[in-house]
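> sharing a model prediction with you, sequence too.
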Amino acid sequence: MKAITFDRFGDPGVLQLSEVDVPEPGQGQVRVKVHTAGVNPVDGKIRSGAMQAVFPTTLPSTPGLDVAGVVDAVGEGVTGLTVGQEVVGWADSGSYAEYALATVVAAKPAGLGWEDAATLPVAGETARRVLRVLEVGAGDTLLIHGAAGAVGSLAAQLAVALGATVIGTASAANHDYVASLGATPVEYGDGLVDRVRALAPKGIDAVFDAAGRGALPDSITLRGGTDRIVTIADPAAQELGITFSGGGDDRSRGEDLAEVVERAARGELRVRIGAVYPLADAAEAHRVSDGGHAPGKLVLTVA
Ligand SMILES: NC(=O)c1ccc[n+]([C@@H]2O[C@H](COP(=O)([O-])OP(=O)(O)OC[C@H]3O[C@@H](n4cnc5c(N)ncnc54)[C@H](OP(=O)(O)O)[C@@H]3O)[C@@H](O)[C@H]2O)c1
C-alpha cells in the first residue's frame, strides 16, 4: 500500500510517499481503509524528533493519529464493529496511509462528511478532557489561549454549551471566527492582562492554554495563582507549577470521541477546515502546520 513514511527525524522534507506492507490487525484492533487523515501539530513534533524524550518513535514511521475510513478487517477480541462500517478514530499505525490499524474508533454518522470526521479525534478528545479537568460549568468565565485552533475552537464551543462565558485569544484575522463560536475574541501578546481584565472585570475562573506560546505567567496573574489553569502545550508548565494535560486512556478517549462525533453530526460542533491535500502532499501540509498559524484544520485525502 501507499503510505507517507520518514526514516530520519527532520524538517517536512523527510516525509516521502512509500510502498509498504498492509498492516494486520492485532488483538482489539480493526484495520481501516483510510478515506481521510487529520494533520495535528504533534505529527510535526514527532517527525522533527522533538517528542523523542516523552513519546519515542521507532523509524521508519508513518505519521498520523486522526483517521476516518471503512473497517476492512477485524482483529481478535473486537466486538460491535464489522467489516464495511464507516468509522472515525485514533490510528495506532499511522493514518497517512491507505490502511491504518485502530483500537479506539466510533461509528461515523452518515451526516458527517469524511473531511469533517478527520478533524475530530485528537482535538475533540483534548478539548473535552481539559474542560473536565478544569471543571468548567455554567457561570464560569473561561479564558482560552489559541481559541482559533482546532483544540481551542472545539473547547470554546463546548464551554459555551456548558453555560460558560468564553474569552479566546487569537490573531486579529481570526477574531470574527472566534466570535462566531460564541466567544469574545482578544488579541494575544503584550498587554494581554489589561485587555482581559477590561473584558472580565469580575475575573477569570479558569484558563485553558491550547496554544502553548508563553501565556502561562499572564494566566497566573489573571487567576491570582496556579489553580484552574491547564496547558496542553507549554513546556514551562512544570517549573511554573501549572497542570500539563497530556492524554487520556483508551476508555475516556472512546467516550469523548463518540460524544464529539455525534454532536458534530447534529451540527452542534464544527472545526474549520483550512486546506485539504492529497496524501502525496503531506510534506506541504506539515510546512503549514509547523508554522503555527494554520488557517484551520489540515486534512489529507487518501481515497
Ligand atoms: N497535550 C495534548 O493532549 C495535546 C493534544 C492536542 C494538541 N496539543 C497541542 O496543542 C497545540 C494546539 O493544537 P491544535 O491542534 O489546536 O493546533 P492548531 O489547530 O494548529 O491551532 C494553533 C492555534 O494557535 C494559535 N496561536 C499561534 N500563536 C499563538 C499565540 N502566541 N497565542 C495564542 N494563540 C496562538 C493560532 O492562531 P492564530 O493563527 O490566530 O495565531 C492557531 O489557531 C499544539 O501545540 C498541539 O501540539 C496537545
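The structure has been received and is ready for your questions. Residues are numbered from 1 along each chain as shown.

> contact distance from the ligand - what residues of the stretch 101-250 of the chain qualify?
With Cβ under 6 Å from any ligand atom as the criterion, the stretch 101-250 of the chain comes near the ligand at residues 122-123, 126, 145-146, 148-152, 169-171, 174, 188, 210-213, 232-233, 245-247. C-beta: built from backbone N, CA, C; applies to glycine.

> tell me which of these fall in strands.
In this view, those that belong to strands under DSSP state E are 145, 169.

> restricted to buried residues, select the residues of the stretch 101-250 of the chain next to the ligand in ChimeraX.
Here is the ChimeraX command that selects the buried residues among those (16 or more other Cβ atoms under 10 Å):
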select :122,123,126,145,146,148,149,150,151,152,169,170,174,188,210,211,212,232,233,245
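
> what does the pLDDT read for the residue nearest to residue 126 when sequence neighbours are not counted?
The spatially closest residue to residue 126, leaving aside those adjacent along the chain, is residue 151, at 4.9 Å (Cβ to Cβ, 6 or more residues apart in numbering). On the pLDDT scale, residue 151 is placed at 98.

> how close does residue 151 get to residue 271?
Distance of residue 151 to residue 271, given as Cβ to Cβ, to the nearest Å: 10 Å.

> anything in contact with each of these two?
Among the neighbours of residue 151, those also in contact with residue 271 (Cβ atoms under 8 Å, 6 or more residues apart in numbering) are residue 123.

> shaky segments in the protein?
For the chain, applying pLDDT under 70 flags no range at all.

> repeat that with 80
Of all residues in the chain, those with pLDDT under 80 make up the ranges 248.

> ok, now which ones touch whatever residue of it ends up closest to the ligand?
Each residue of the chain has a distance to the ligand, by Cβ to the nearest ligand atom, and the smallest belongs to residue 149, at 2.2 Å. By Cβ under 8 Å, 6+ apart, the contact list for residue 149 reads 210-211, 294.

> try 7 Å
Taking Cβ atoms under 7 Å, 6 or more residues apart in numbering as the criterion, residue 149 is in contact with 210-211.

> distance of it relative to residue 255?
For residue 149, the distance to residue 255 (Cβ to Cβ) stands at 23 Å.

> could you do residue 97 as well?
26 Å.

> these two: who's more crowded?
Between residue 97 and residue 255, counted using other Cβ atoms under 10 Å, residue 97 has the larger neighbour count: 28 against 15.

> quickly list what the more buried one is bridged to.
Residue 97 has the following beta-bridge partners by DSSP bridges: residue 3.

> so it makes contact with residue 35?
No. Residue 97 lies out of contact with residue 35 (Cβ atoms under 7 Å); the separation is 11.8 Å.

> what about the helices in the stretch 201-303 of the chain?
In the stretch 201-303 of the chain, the segments counted as helices under DSSP state H, counting those that start in this stretch are 216-223, 237-240, 250-265, 282-290.

> spatially central residue in this protein, please.
Against the mean C-alpha coordinate of the chain, by Cα atoms, centre = their mean, the closest residue is residue 123 at 2.4 Å.

> can you tell me the closest non-neighbouring residue to that residue?
Closest residue to residue 123 in three dimensions, ignoring its sequence neighbours and counting by Cβ to Cβ, 6+ apart: residue 150, at 3.8 Å.

> contacting residues for the one you found?
Residue 150 makes contacts with 119, 123, 271, 297, as judged by Cβ under 7 Å, 6+ apart.

> nearest residue to residue 5 other than its sequence neighbours?
Once its chain neighbours are removed from consideration, residue 5 has its nearest residue in residue 18; the separation is 4.3 Å (Cβ to Cβ, 6+ apart).

> next structured bit after the host helix or strand of that neighbour?
Under the criterion DSSP states H and E, the helix or strand holding residue 18 is strand 16-19. Toward the C-terminal end, the helix or strand that comes next after strand 16-19 (DSSP H and E) is strand 30-39.

> just to revisit the earlier point, in strands, which of the contacts of residue 150 fall?
With strands taken from DSSP E, the overlap with the contacts of residue 150 comprises residue 297.

> quick check, nearest of the contacts of residue 150 to residue 182?
Lowest distance from residue 182 to these (Cβ to Cβ) belongs to residue 271, with 14.7 Å.
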